[in-house]
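Student: Quick one, what's the 3D model for this:
(chains A and B)
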2 protein chains.
Amino acid sequence: MRASRYLIATQKETPADAEVISHQLMLRAGMIRKLAAGLYTWLPMGLRVLRKVERIVREEMDRSGAQEVLMPAVQPAELWQESGRWEQYGGELLRMNDRHGREFCFGPTHEEVITDLVRNELKSYKELPANFYQIQTKFRDERRPRFGVMRAREFIMKDAYSFHLNSESLDETYQVMHRTYCAIFDRLGLDYRPVQADSGAIGGSASHEFHVLASSGEDDIVFSTDSDYAANIEKAEAVAPAGDRPAATEPMAEVATPDQRTIDAVANFLKVDATRTVKTLIVRAEAADDGETGLVALVLRGDHTLNEIKAENLAGVAEPLTMATDEEIEQAVGCKPGSIGPVNLPLPVIVDRSAAHLADFICGANREGYHLTGVNWERDVPLARVEDLRNVVEGDPSPDGRGTLEIRRGIEVGHIFKLGNKYSKAMNATVLDEHGKAVIMEMGCYGVGVSRIVASSIEQNHDDRGIIWPDAIAPFEVAIVTLNAHKSPEVQEAGDRLYDQLRQAGFDVLLDDRNERPGVKFADMELIGIPHRVVISDRGLAAGTLEYKGRQDADKQDVAVEDILPFLIKASPRRGL
Amino acid sequence: MRASRYLIATQKETPADAEVISHQLMLRAGMIRKLAAGLYTWLPMGLRVLRKVERIVREEMDRSGAQEVLMPAVQPAELWQESGRWEQYGGELLRMNDRHGREFCFGPTHEEVITDLVRNELKSYKELPANFYQIQTKFRDERRPRFGVMRAREFIMKDAYSFHLNSESLDETYQVMHRTYCAIFDRLGLDYRPVQADSGAIGGSASHEFHVLASSGEDDIVFSTDSDYAANIEKAEAVAPAGDRPAATEPMAEVATPDQRTIDAVANFLKVDATRTVKTLIVRAEAADDGETGLVALVLRGDHTLNEIKAENLAGVAEPLTMATDEEIEQAVGCKPGSIGPVNLPLPVIVDRSAAHLADFICGANREGYHLTGVNWERDVPLARVEDLRNVVEGDPSPDGRGTLEIRRGIEVGHIFKLGNKYSKAMNATVLDEHGKAVIMEMGCYGVGVSRIVASSIEQNHDDRGIIWPDAIAPFEVAIVTLNAHKSPEVQEAGDRLYDQLRQAGFDVLLDDRNERPGVKFADMELIGIPHRVVISDRGLAAGTLEYKGRQDADKQDVAVEDILPFLIKASPRRGL
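Tutor: A predicted model of the protein is given here:
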């Protein structure tokens, strides 16, 4: 491509409303433009990257044996009513009515459509397993779209859905997809981790997320220092402290703590560490058979934070997790939230494993402005139910018994689920087994955030001059920069010749033939992040050389004109030996 | 691809609700499945065809110098309000509200979005001309979606938009796009015609449609027998009859025509040819400055039909064309529609060129149950305004003066428009010219119906056994059919070997390794329409031969095993010399 005939829409200024570096650089490098909140146009330069990501995803999915289809973006409400999600999905589902008043949505995901297709097309166990995927524009009406294409409302996703006669077959395909995702993210040059994840609202029995590690990530990812253990903090188990609970040494006593309503305030006021206190959170209980919903108390060590996913997954706790209001708490307990504790609390109590290991601890007295000190489980308050309720913290022991935990931020770029029969059962998707009996199929689903990958790669690959693309997804692999070509026919000819030569050798080449100052051209090529740069100047040509600089190199080097092709082939990881 | 691991979703029965052959064959060959009215899923076999069409379109657009972008499918109402189309567009625009109640639509076309982008990005005449395209899913909420993907609601379109400093530059790019479209449709192997077209509601000053000729087409396309003249019947000029109008020979007389309300009935009753009669249609007039809308009479020869596009494009006639109601006519004229004529009609009259050439003609008497005979223009009724009002008919002279007109049916697969400044003016899209003055850009727009092309190709390429794909867009180029491979390791091995050999040579190959009867396999491969078939059998292998049959060949032929690759290379137009 000749830059003079191409939209090089670089910008010097950092856009004010772009918070993360990838969003800033995608705007500055002329990759995307905002149309409206969460809606972005891909400019030519950005689209080249997106298409290369798509191609890698497609190649690896094809290699895995999955078959590509393309389902409509617009989906009829009837199918979502059949699965039960029309009511459940909430505000992220963009709903609409057609000219005849029929209800539709812009598909955020396609479980219903593919399940409907497969129940009509596949009749026999002999046709299983089958795995169908598509690369398609989705819409999720995020309440707060942000970070550019990282959390856009309209985005491109690869979604795949597999169908199985039984769970063993699902397990096999799940493993194949796990390996396929590793192959995809390896080829994309990302520093990523597959981590255990909660299955979430989409349902199912097991799932892994694939996270790109980056400080701008919105998820906390937990790793072991000494093993392969990795999990989303939503899912990471906080193991019970080792050993027995220490024996009680203090008597229980009530102390006045006027106006001290937070753990920090109370700990500070009583001059103890927050690790010696517990906090008691009141949430809605799961609805009983008669529809009544009461309250439940969750007790955590004062310095720990509640893991909402773990809590809402517990029997007896409402899902989604719903905090009780101040009024509900006062009515049930007789005091305000800042003074609650488990002693004589007229509610069911669930105690976190770490809180359950405390002795001589401090908690609210269920009396406004008072706390209890020297409280001990069993002696002062029964310990009826102990569960894992909290988020792990750095230094916690790894759940696999090897090493301790570290926490880093991650950007979710892939997710694989065992759906089980959640959709196939609701939609009666069956095949005949070898005995001629209709059996509900098992399903898996597998997503990759194609457009998000572009932003994630930039989060990991940039410097203060701009983007540093891996060769595999760079918009162009080589930039040829001609200096003063409008004054020098030799430079112009050499540029044209090298451009043709490299294109014939299979390189994606941008010939920067714009009539701009060298500094402007160099800055643009670095901002755009093209991995290899060759400069052609009169001075170099006089010496028979071109100037090469890799995007990450500290220094330039001269290369003889006749050696440049083998030099670039060697420098390019896609082609190098 | 191995058929045993691929969704071969062929069907024997012709689906009841599929009216046209392409829709029937796409369903029967397992290319598409209906999700809801006008919404189709592309199955793996159909998607391969669609992607090949996309690739050809993309390659030729890139070659033309156009730059690919990707705009959001979901567009904010504000831009459509700026262009004025939010109110104008009508029921085909799928409108929706997001979670915050803001108005959006699912883009049926992208003039507003690209104009907004370009007015922000391009500042100088030096950056012009520029042509941006995308290949994208669109939605038009057709009142009556039909014919499968031919007239679906959700469909894939290539849309391009060019920007220019002046109309000369627009003319140049328009010609480049005309040539590019010819290159695209040539490569797709379609029998098509570029024809002059009306610019329609999208606006602009000139346009051509590209029509695939097929009896199922929804448009009438007009050609000259002796020249390159071709036009959509909407646009085809009906030239005035040659020579002077014949002289009057009869006196005007009123005759009773009780209960004769149509042209055919009156002509039959009076025992004259319909060509000797005129019909008078009453339509709404263009609103006057004070907002008043009256009526206008349109007079045509009895055997001719009104061309609504020509009529509504006339000064003084309301657009869109609106027929007057019976009540309005009775109120204005004093009789029912079946007895109206131009003589003493108290309305403005516009006469078609052919009707204006009649002498001694018959028309309604503006008196219930009576007609006038022997009517002559000028003598009995003034001839104030003569226009081209009618559809051409076969045998009419060509407007270019060479040959006569023929009419065939066409499917519109491409459309190029000179938009002029319709959008750029409404949205104030300017660049600075060489004198530093802001000028409104000129625009062109260029569409290709990518998914519709797949159906159009089938309309032109099928027989009673199924589809006949051109090599360029066939889902697979070669089908290898192994006979009884589950019983013959030799056949299976030879199949695997040939499969690998052909794939390495760059062919798209389907190895039909299914454990099915030969007849089933042959019928499926013919229904799917794979251009080249190679059969491997024990008997053939014993003689050292494979059996070849082209999809359109009457006879099979034996080819020596070692000659099959060069044979196929020669048989394949994509590779043959």
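Student: Does the residue nearest the centre of chain A belong to a helix, a strand or coil?
Tutor: Nearest to the centroid of the C-alpha atoms of chain A, with distances taken as C-alpha atoms, centre = their mean, sits A:Glu412, at 1.5 Å. Under DSSP: H, G, I helix; E, B strand; the rest coil, A:Glu412 falls in the strand class.
Student: If I look at the spatially most distant residue from the centre of chain A, what pLDDT would I see?
Tutor: Relative to the centre of chain A, and counting by C-alpha atoms, centre = their mean, the farthest-placed residue is A:Ala542 at 52.5 Å. On the pLDDT scale, A:Ala542 is placed at 96.
Student: Surely the residue nearest to the centre of chain A and A:Leu213 touch.
Tutor: No. Applying C-beta atoms under 8 Å, one finds A:Glu412 not in contact with A:Leu213, separated by 11.4 Å. Bear in mind the C-beta positions are built from the backbone N, C-alpha and C, glycine included.
Student: quick one: the closest residue in space to the residue nearest to the centre of chain A that isn't next to it in sequence from chain B, how far?
Tutor: For A:Glu412, ignoring the flanking residues on the chain, the nearest one in space by C-beta to C-beta, 6 or more residues apart in numbering or on different chains is A:Glu209 at 5.1 Å. Using C-beta to the nearest C-beta, to the nearest Å, A:Glu209 is found at 25 Å from chain B.
Student: Please apply the same query to A:Ile184.
Tutor: In terms of C-beta to the nearest C-beta, A:Ile184 sits 19 Å off from chain B.
Student: Tell me the secondary structure of the nearest residue to that residue once chain neighbours are set aside, please.
Tutor: Leaving aside its chain neighbours, A:Ile184 sits nearest to A:Glu60 (4.7 Å; criterion: C-beta to C-beta, 6+ apart). Three-state assignment for A:Glu60 (three-state DSSP): helix.
Student: residues in contact with A:Glu60?
Tutor: A:Thr180, A:Ala183, A:Ile184, A:Arg187 (C-beta atoms under 8 Å, 6 or more residues apart in numbering or on different chains).
Student: measure stretch A:300-318 end to end?
Tutor: End-to-end distance of stretch A:300-318: 18 Å, with C-alpha to C-alpha, to the nearest Å as the criterion.
Student: That one: which residues count as buried?
Tutor: Neighbour-count burial for stretch A:300-318 flags A:300-304, A:306-314, A:317-318 (criterion: 16 or more other C-beta atoms under 10 Å in any protein chain shown).
Student: returning to that earlier point: turn the contacts of A:Glu60 into CSV, columns for secondary structure.
Tutor: As requested, the contacts of A:Glu60 are exported to CSV (three-state DSSP):
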residue, secondary structure
A:Thr180, helix
A:Ala183, helix
A:Ile184, helix
A:Arg187, helix
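Student: So which of those is the closest to chain B?
Tutor: Taking C-beta to the nearest C-beta as the measure, chain B sits nearest to A:Thr180 out of the contacts of A:Glu60, at 15.5 Å.
Student: Find the nearest non-adjacent residue to that closest one, please.
Tutor: Nearest non-adjacent residue to A:Thr180, counting by C-beta to C-beta, 6+ apart: A:Ser64, 4.3 Å away.
Student: How far away from the center of its chain is stretch A:181-198?
Tutor: 11 Å (C-alpha atoms, centre = their mean, to the nearest Å).
Student: ah, wrong one, I meant stretch A:384-403
Tutor: On C-alpha atoms, centre = their mean, the centre of stretch A:384-403 falls 23 Å from that of its chain.
Student: which other residues reach it?
Tutor: Contacts for stretch A:384-403 (C-beta under 8 Å, 6+ apart): A:220, A:222, A:224-227, A:229, A:231, A:233, A:236-240, A:242, A:298-301, A:304-307, A:310-311, A:314, A:348-354, A:356, A:404-407.
Student: Apply 6 Å and report the result again.
Tutor: Residues outside stretch A:384-403 that contact it (C-beta atoms under 6 Å, 6 or more residues apart in numbering or on different chains) are A:222, A:224-227, A:229, A:233, A:236-239, A:298, A:300, A:304-305, A:307, A:310-311, A:314, A:350-353, A:356, A:404-407.
Student: Are any of these buried, and if so which?
Tutor: The neighbour count (16+ other C-beta under 10 Å) marks A:222, A:224, A:229, A:233, A:236-239, A:298, A:300, A:304, A:307, A:310-311, A:314, A:350-353, A:356, A:405, A:407 as buried among the contacts of stretch A:384-403.
Student: Restricted to strands, list the residues you listed.
Tutor: In strands, defined here by DSSP state E, the members of the buried ones among the contacts of stretch A:384-403 are A:Val222, A:Ser224, A:Leu298, A:Leu300, A:Ile350, A:Val351, A:Asp352, A:Leu405, A:Ile407.
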